[in-house]
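J.: Sharing a model prediction with you, sequence too.
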Amino acid sequence: MAANLSSRSDRFKQGKAMRKAVPRTAHADLTGDLTRDPVAILAQNDSARVEELLPVRYQRMTTDAFAFLRGSAAVMANDLVSQPMVGIPVQACGDCHLMNFGAFGTPEDNILFDINDFDETLPGVDFTVDVKRLAASVAVAALAAGLPRSRARALATSTVSGYHARMYDLAGLSPLVIWHSRVELADEIARMGDRGLKRKLTDIVARTRGQLENDDNFPKLVTGSTPRIDDKPPTIFHLDAKLDAKHKLKPDLLFEQYAAGLDPSVAMLLSRYDLADFVFKAVGVGSVGTFCGVGLFMSGDNDPLFLQVKQAAASVLECLSPKLSFKGDQGRRVVEGQRIMQSASDIFLGVAQDQKTGRDFYVRQLKNRRLGGVSELAEASALEDYGRLCGRTLARAHAKSGDPAMIAGYIGKGDAFADAVGSFALAYADQTAKDYAALVVAKPTKVAEPAKVLKLQKKA
């Protein structure tokens, strides 16, 4: 992406001039062929997933319309092809919905709020793509919570206003200051009006400083003569050694390759640990069925380190334009995107490839998710505060790779852009409800059958 070295004022004017080609009001309508089959779009990459886990994936997606939205990034990417694009590129998250934000602790014991999922990240994507998916997720969540349609639209609009306000703030800063900017959770709590959300978040900050508590989704370490990860099917389990290559990999070889590509300082740190165990871990909604595992590493004094290995496939955003086709290691795409968008990325981020199957993977430290699951606290009454926080956070991430002055110039000082995207979000929420109903009726797989998942497990 070539740098635009013109002045901040000139870039603001360039963004403003883009309204002539793409009026801000143009973003209000949901256009394109909405008779497309969402179930067929979802099924396009099923053949690349672990077949036994497909029922788990679809079962999770049929929980409600919001769960469907979480698992249908490919469907929305297909729909966004027909929506107006401004022409201001950023490093996009690609799957920017409310549940893909969260809080985490840094080594300095700071608690930050940031985007935490980058499986679909891609460079060179129009900034409106992430904004519209985030706004749509707010509207879908609001309707799923039983809020009136007018309220759902208002909440989506408020989320975009949060993006707008933060982008305006960043537009006046230098690239270096923007790069080092962070979203401190304690500071954000002070901005919130919902007392319940403030109380819950304050409690999280107080309880997690210096020590993180495990939750039910975090691997449980079984100590003894041979430390191992405890099985918790169908989400965490050891793989049967007799499985074919599609269902497994050789973790020792994968981690060896991963370590060879790390920064020497991190590789030295990792060398203080040995691989002791490895399990399969089904994660999320849209990712269920892709290969994801967790390696348990132990130091000589039995200090544990968990590293997650996750398969990386092509981003769903590639369908937006032939120019967005990513050539090369998909794991590196994810890692590079995360480092660009996040304010403080994991030092253990790295890549590896299974030479036998050609699958690309990325590796990261698996941290406790109680701190990461802040989005689960965003109940209906707190959705406005939480949505605005996500909007502000997305603006900071976009400003690192995009041009905040140009984006601010296009959006303008008024509410035209936020109001238009709010209308789009409500329209897309209606479409999501229809797509969700289509999936429920289609029943692409039977209800998750534990017996099928257990076939993957290592026999005792």
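T.: Arrived safely.

J.: Low-confidence regions, the stretch 51-200 of the chain specifically.
T.: For the stretch 51-200 of the chain, the stretches flagged by pLDDT under 70 are 107.

J.: That one: strands as residue ranges?
T.: Under the criterion DSSP state E, counting those that start in this stretch, strands of the stretch 51-200 of the chain are mapped to 89-92, 101-105, 111-115, 122-126.

J.: what residues go with each domain of the protein?
T.: Per automatic domain parsing, the domain ranges recorded for the chain read 8-212+369-448, 221-368.

J.: how about those domains in JSON lines, adding mean neighbour count?
T.: C-betas here are computed from N, CA, C, even on glycine. Shown next, in JSON lines, are those (neighbours: other Cβ atoms under 10 Å):
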{"stretch": "domain 8-212+369-448", "mean neighbour count": "20"}
{"stretch": "domain 221-368", "mean neighbour count": "17"}
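
J.: returning to what we had before: out of the strands of the stretch 51-200 of the chain, flag the one nearest T63.
T.: Distance to T63, taken as Cβ to Cβ, is lowest for strand 101-105 among these, at 19.5 Å.

J.: Paired strands for the closest one, with orientation please.
T.: Strand 101-105 has the following sheet partners, assigned by DSSP bridges: strand 111-115 (antiparallel).

J.: what residues does the strand it pairs with touch?
T.: Residues outside strand 111-115 that contact it (Cβ atoms under 8 Å, 6 or more residues apart in numbering): 93, 96, 100-106, 182-186, 188, 204-205, 208-209, 341-344, 371, 374, 389, 393-394, 397.

J.: Show only the entries of those found in helices.
T.: Assignment to helices by DSSP state H places the following of the contacts of strand 111-115 there: 185-186, 188, 204-205, 208, 341, 389, 393-394, 397.

J.: nearest to M298, of those?
T.: Distances from M298 to the ones in helices among the contacts of strand 111-115, taken as Cβ to Cβ, are shortest for T208 (24.0 Å).

J.: quick one: E384 from K323, how far?
T.: In this view, E384 and K323 are 37 Å apart by Cβ to Cβ, to the nearest Å.

J.: contacting residues around the nearest residue to W179 once chain neighbours are set aside?
T.: Leaving out its chain neighbours, the residue that sits closest to W179 by Cβ to Cβ, 6 or more residues apart in numbering is K400, at 5.8 Å. Shown in contact with K400 (Cβ under 8 Å, 6+ apart): 91, 178-179, 340-341.

J.: Regarding K400, what is its secondary structure?
T.: Following DSSP: H, G, I helix; E, B strand; the rest coil, the label given to K400 is helix.

J.: Return the distance of it relative to P123.
T.: When distance is defined by Cβ to Cβ, K400 is 12 Å away from P123.

J.: Quick check, pLDDT for the residue lying farthest from the centre of the chain.
T.: The centre of the chain is farthest from one residue, S225, which by Cα atoms, centre = their mean lies 37.7 Å away. Per-residue pLDDT puts S225 at 79.

J.: now N214
T.: Taking N214 on its own, its pLDDT is 45.

J.: In the protein, which residue is most central in space?
T.: Taking Cα atoms, centre = their mean, the centroid of the chain lies closest to D117, which sits 2.6 Å from it.

J.: I'd say that residue and D95 touch.
T.: Yes. Here D117 lies in contact with D95, judged by Cβ atoms under 8 Å, at a distance of 6.0 Å.

J.: Low-confidence stretches in the stretch 251-400 of the chain?
T.: Residues of the stretch 251-400 of the chain meeting the criterion pLDDT under 70: 289, 367-379.

J.: Try it again at 80.
T.: 282-290, 367-381 (pLDDT under 80).

J.: Which stretches in it count as helices?
T.: 251-260, 264-270, 330-341, 383-401 (DSSP state H, counting those that start in this stretch).

J.: Could you say which one of these comes nearest to P148?
T.: Comparing the helices of the stretch 251-400 of the chain under Cβ to Cβ, the one sitting nearest is helix 383-401, at 12.8 Å.

J.: Let me know the next secondary structure element after that closest one.
T.: Of the helices and strands lying after helix 383-401 in sequence (DSSP states H and E), the nearest is helix 404-411.

J.: Tell me the first helix or strand C-terminal of that next one.
T.: helix 416-442.

J.: distance between that next one and the chain's centre?
T.: Mean-position distance between helix 416-442 and its chain equals 19 Å (Cα atoms, centre = their mean, to the nearest Å).

J.: so that helix versus helix 404-411, what angle?
T.: Relative orientation of helix 416-442 and helix 404-411, computed by axes from the mean of the first three to the mean of the last three Cα atoms, to 10 degrees: 90 degrees.

J.: same for helix 416-442, what does it pack against?
T.: helix 38-43, helix 65-71, helix 73-80, helix 127-144, helix 149-171, helix 404-411 (3 or more Cβ pairs under 8 Å, 6 or more residues apart in numbering; DSSP states H and E).

J.: For these, give me TSV that also has distance to L54.
T.: Output for those, formatted as TSV (distance: least, Cβ to Cβ, whole Å):
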stretch	distance to L54
helix 38-43	9
helix 65-71	12
helix 73-80	15
helix 127-144	23
helix 149-171	31
helix 404-411	39
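
J.: Give the full set of residues in contact with the residue lying closest to S401 once chain neighbours are set aside.
T.: Nearest non-adjacent residue to S401, counting by Cβ to Cβ, 6+ apart: Q91, 3.8 Å away. Taking Cβ under 8 Å, 6+ apart, we find Q91 in contact with 121-123, 125, 337, 340-341, 397-398, 400-402.

J.: Distance check, S325 against S343.
T.: Distance, S325 to S343, by Cβ to Cβ: 29 Å.

J.: rewinding a little: return the member of the contacts of K400 nearest to K220.
T.: Closest approach to K220 among the contacts of K400 (Cβ to Cβ): M341, at 31.0 Å.

J.: From the rest of the structure, what touches stretch 408-419?
T.: Residues outside stretch 408-419 that contact it (Cβ under 8 Å, 6+ apart) are 11-19, 24-25, 27-28, 86, 88, 157-158, 160-161, 163-164, 167-168, 171.
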